[in-house]
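**Q** Could you work out the structure for the sequence below:
(one chain, ligands or ions: 1)
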Amino acid sequence: MDRRHFIRRSAATALGAAAVSRAAVAAVPEAPVQSSAETQPPLVPPDGNPYNPVVTLNGWTLPWRSRDGWKEFHLVAEPVEREIAPGMVARLWGYNGQSPGPTIECVEGDRLRIFVTNRLPEHTTIHWHGVLLPSGMDGVGGLSQPHIQPGKTFVYEFEMVKSGTFMYHPHADEMVQMAMGMMGFIVVHPKDPALHRVDRDFVFLINAYDIEPGSAVPRVNTMLDFNLWTWNSRAFPGIDPLPVGLGERVRIRMGNLTMTNHPMHLHGVEFAVTGTDGGWVPPSARWPEATVDIPVGAMRAIEFDATLPGDWSFHCHKSHHTMGPMGHQVPTMIGVDHRGVAEKVSKLIPGYMVMGDRGMADMGRMHMELPENTLPMMTGEGPFGPIEMGGMFTVMKVRAGLAKGDYRDPGWYEHPPGTVAREWIGPVPEPVRAQPITKVGTETEVEVRKPAGHEHH
Ligand SMILES: [Cu+2]
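**A** Numbers count the residues shown, from 1 in each chain. Next up is the predicted model:
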């Protein structure tokens, strides 16, 4: 029996264990499961108010069924296997087969009925971060509801009273459950489809894990020193590119459920923050940005016109967050010739390499033997050589003639002739340097005036 069949079968078992009657089982909608970590095509709404659906980076949108005026969703909290990038799979907790969970998408005014089945080894709840709802639907275990015990299914019912971007995550044993990857996005489209309209609408969550090289389960007690910096539980080069048509209006919604802030920097555009998890920012309150800092537990939606074609870097500006696992205790070796030492070490540790004496760029090129299931510190190959990145990095690819709704990777940008930085061949003029100070020691008289009234204080 393969894993998927096992999960399906255990689904039936779990519902049985919850002592839900046969009629009740039929009343619970099927819980779709996603096995792929690839970006799935947007889910065009089959019914209800029309809207331009979002694209979840390396994720998917949860299908629903409409019944008696309610949109019914079914989330299953369960252990999952998530490919962080090719070559590394993490054992996380998530929803419906993946971490993060699927994006829940609906329209302002929709009435939502969300079934939550717990297939974790401990109790859980779901909190709907930023959503205005009755207190008893807020999902805070112990405070607003009893916990959902393993094997049980709970139902949340509320009306989406405002549009915007929100998140969901457990409010039960939060430190463990969020460190294990339990989180997801909620996108509520405006009732009027003409409002806040864009051509492309991307969403992803910012998350982080501490997984010892060679292992697969996150260390849940880590507070700050994480080693896997991810978007939607993916690290570069596992994060899909963002294909965008030249001239299109684009929105990117990013939620931060890590323990630190992330200054997100996008090349090639000027953008404005148009939304937070509190709602839409009025146009009069927006200003141009190239980097937006996303605080812990917050969401920022940015919008821009893609006016420049090309391959544009998109990354967290904390340079340690665009790295794969690395040891922070490693001393800085720049300028140190340690080849003699390396020879001796390599007798004890086969495959040991000298690194860092000229900087760290060699890391992008060398292939030191790594433990199984471990990502390199710097990796990725671009059209001009190694990209030397890891973690929170991807590329926005702005192209002319990209069809609406085409999210396939268009490949590397073909630069027009004469528009790429090139090696200068020819005489190089002396660089201008600051003139050294030649005269020192001449006395200068300085008159000091105290600010008026200073002596009174
Ligand atoms: Cu960061």
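
**Q** And the strands in the stretch 151-300 of the chain?
**A** With DSSP state E, counting those that start in this stretch as the criterion, the stretch 151-300 of the chain has strands at 153-159, 164-169, 184-189, 200-209, 228-231, 242-245, 249-256, 262-266, 272-276, 279-280, 291-294, 298-305.

**Q** Residues of the stretch 251-400 of the chain that sit close to the ion?
**A** Listed as neighbours of the ion in the stretch 251-400 of the chain under the rule CB under 5 Å from the ion: 262, 316, 318, 321. The way it works is simple: take the backbone N, C-alpha and C, and place the C-beta from them, glycine included.

**Q** Among these, name the ones in strands.
**A** Under the assignment DSSP state E, those contribute 262, 316 to strands.

**Q** Turn the residues of the stretch 251-400 of the chain next to the ion into a markdown table, including neighbour count and pLDDT.
**A** Formatted as a markdown table, those follow (neighbours: other CB atoms under 10 Å; pLDDT from 0 to 100):
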| residue | neighbour count | pLDDT |
| --- | --- | --- |
| 262 | 24 | 96 |
| 316 | 23 | 95 |
| 318 | 17 | 92 |
| 321 | 23 | 90 |
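
**Q** So which of the residues of the stretch 251-400 of the chain next to the ion is the closest to residue 416?
**A** residue 316 (30.1 Å; CB to CB).

**Q** List the contacts of the closest one.
**A** 206, 229, 262, 263, 264, 265, 322, 391, 392, 393 (CB atoms under 8 Å, 6 or more residues apart in numbering).

**Q** Please, a PyMOL command that selects the buried ones among the residues you listed?
**A** In PyMOL syntax, the buried subset of the contacts of residue 316 is picked out as below (16 or more other CB atoms under 10 Å):
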select buried, resi 206+229+262+264+265+322+391+392+393
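
**Q** The residue in the stretch 351-457 of the chain positioned nearest to the ion: what's its closest spatial neighbour, skipping adjacent residues?
**A** In the stretch 351-457 of the chain, the residue that lies nearest the ion is residue 392 (5.4 Å; CB to the ion). Excluding its sequence neighbours, the residue lying closest to residue 392 (CB to CB, 6 or more residues apart in numbering) is residue 316, at 3.9 Å.

**Q** re earlier: looking at the strands of the stretch 151-300 of the chain, which is buried most?
**A** strand 228-231 (a mean of 27; mean count of other CB atoms under 10 Å).

**Q** pretty sure residue 232 is touching residue 56, no?
**A** Yes - Residue 232 sits in contact with residue 56 when judged by CB atoms under 8 Å, with a separation of 7.0 Å.

**Q** Now the common contact residues for the two.
**A** Joint contacts of residue 232 and residue 56 (CB under 8 Å, 6+ apart) are residue 204.

**Q** Could you measure from residue 292 over to the ion?
**A** From residue 292 across to the ion, the span is 12 Å (CB to the ion, to the nearest Å).

**Q** wait, isn't that residue in contact with residue 261?
**A** No - using CB under 8 Å, residue 292 is not in contact with residue 261, being 10.4 Å away.

**Q** coming back round to it: now render the residues of the stretch 251-400 of the chain next to the ion as a markdown table, adding distance to residue 162.
**A** Shown next, in a markdown table, are these (distance: CB to CB, whole Å):
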| residue | distance to residue 162 |
| --- | --- |
| 262 | 26 |
| 316 | 29 |
| 318 | 32 |
| 321 | 32 |
